[in-house]
Structure formats: C-alpha cells, structure tokens
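1. Sharing a model that was predicted from the sequence below.
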Amino acid sequence: MKISAVIFDLDGVIVSTDEYHYQAWKQISDQENIYFDRAINERLRGVSRMESLDIILSHSDKVYSESEKYLLAQRKNDIYCELLNKLSPNDILPGIINLLISLKARDIKIAIGSSSKNTPFILDQIGLATNFDAIADGNSIKNSKPDSEVFLLAAEFLGVQPEECVVIEDAQAGIDAAKAAGMKAVGIGSAAKCFNADMKLNDISNLDIDHLLEVNEIRS
Ligand code: G6P
Ligand code: MG
C-alpha cells in the first residue's frame, strides 16, 4: 500500500530534549538519594512520565505512596519545563525542516505521535505549533508506547489507514508501538539498533524522502 502519512515522534526525533529530561530526573534522584545515570535515562525514551518515575524508583528501597509519586513527577516536570524555556527553533534537529517541506510538497500528511504531555509547549518553543496536520500526544491517550494507541489516534486524526503510515522513532518502545499499530517504522539514533525497525538510520539528516517512501517495499 502507498505511504500517505508520516508520523513523527517528538523527543529525540524533531528535537533533542533527552539532556533536559536527564537533568530534571537527576535533580529529583539526587534529592531523594536514588541512584540514577545516563544508562537508566536511556530506558526512559518514549516511556510516559509516571512509568519513567517507576523505573527510577525501582532503584530505591523506599516505598513511595501514590500521592508522593504524583508530587515527585510534578517536581520533575517543573524543573523540566524551566529547562524547556531555553528551547528555540535552532534546536530542531538537522534534516527535519527539509523533510517536512518535501513531504508537504508531495501531499504526504504529517503528524506528531508523542507520549509527552509537554508536546504543545515544545512545538510552540521550536516554532512548529501549526505545521502538522494532526497531533496525538500524552494528553490524548490512556496507554503510552509501546502501546499502539498514540499512533492509531494520529492516523484517525489524519483520516488515513494505519498501513498507509510510516513512523519515525528514536526509541524501542516507539518502534514496538508503530509495529503494533500495523505501521512501517523507521528507527533513528539509538532505535537504529531495533531488530523490528523496517529501516534503520543513525541520523535523520541522511534520510531523503524517496528513501523514506520506499520503506513500503522493504518489508511488508
Ligand atoms: C517522551 C520522552 C520520554 C518522556 C515522555 C513523557 O516520550 O521520550 O522520555 O518520559 O515523553 O514526557 P512528559 O513531557 O509528558 O513528561
Ligand atoms: Mg523519542
């Protein structure tokens, strides 16, 4: 089937917010005396805020109540949002703007499929708030990646079938979500190692549109 839409993950694909997530979670972990490092941070890619907190708290002996967890997540998000204030259009990752322009020129629909509840704020900061045909994010879903919900919702908003969509992702959870949705999946950066990605690229700036639309013929 012909590819008629491309769904972009946000964090790590359109803009690199990993360092800000790391710094915010590191501050919370240090305040709580919980071990946290960059390898643990890698496991938080594509995972919702509360599930990320559960991964961090699994390194603590203390048992946290639901209300304590809620407050910790809120504190982390306050620190993270303060850091997001620094984001600007200069932080859009190389290759993204050209890709968006080329897709528009070919009438291919573009959407965001992100687990982040900060999606509207981030898109606003980088000047892309009105550029996508649809946005499905952490505010509109119950089940975060690797569940297929966010990508199926993006396809529904676009009015296209899942088989017509290709997802661009930097996380294993996101590749799994795309495959569970019945979509093609392009793994970039750390997701270039994912066994189930239909196409693997170290860097999105190496991706040209003909290559992207050929993903349909690679594995179907
Ligand atoms: C993205 C990031 C995750 C993050 C999640 C929730 O998927 O890759 O690391 O935990 O969004 O982000 P939020 O902005 O809602 O805390
Ligand atoms: Mg990501």
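-> Cool, the structure landed. Ligands and ions are numbered 1, 2, ... in the order given.

2. could you pull out the helices for this structure?
-> Taking DSSP state H, the helices of the chain run over residues 18-31, 38-42, 49-57, 66-84, 96-105, 119-125, 149-158, 172-180, 209-213, 215-218.

3. Contact residues of the protein facing ligand 2?
-> Contact residues, the chain versus ligand 2 (Cβ under 5 Å from the ion): 9, 11-12, 46, 170-171. All C-beta atoms are positioned from the backbone trio N, CA, C, and that covers glycine.

4. list the contacts for residue 205?
-> Shown in contact with residue 205 (Cβ atoms under 8 Å, 6 or more residues apart in numbering): 93-95.

5. now residue 164: how far from ligand 2?
-> The gap separating residue 164 from ligand 2 is 22 Å, by Cβ to the ion, to the nearest Å.

6. number of nearby residues for the nearest residue to residue 34 once chain neighbours are set aside?
-> Nearest non-adjacent residue to residue 34, counting by Cβ to Cβ, 6 or more residues apart in numbering: residue 60, 4.5 Å away. For residue 60, the neighbour count with other Cβ atoms under 10 Å is 14.

7. and if you look at residue 202?
-> Residue 202, neighbours per other Cβ under 10 Å, totals 12.

8. what residues does the protein put near ligand 1?
-> Taking Cβ under 6 Å from any ligand atom as the test, the list of the chain residues beside ligand 1 reads 11-12, 21, 44-49, 52, 77, 114-118, 138.

9. Now do residue 150: how many residues are near it, please.
-> 28.

10. Hmm, it is touching residue 141, no?
-> Yes: using Cβ atoms under 8 Å as the test, residue 150 is close enough to residue 141 to be in contact (5.0 Å).

11. any residues in contact with both of these two?
-> residue 115.

12. Only the buried residues of stretch 66-80, if you could.
-> For stretch 66-80, the neighbour count (16 or more other Cβ atoms under 10 Å) marks 72-73, 76-77, 79-80 as buried.
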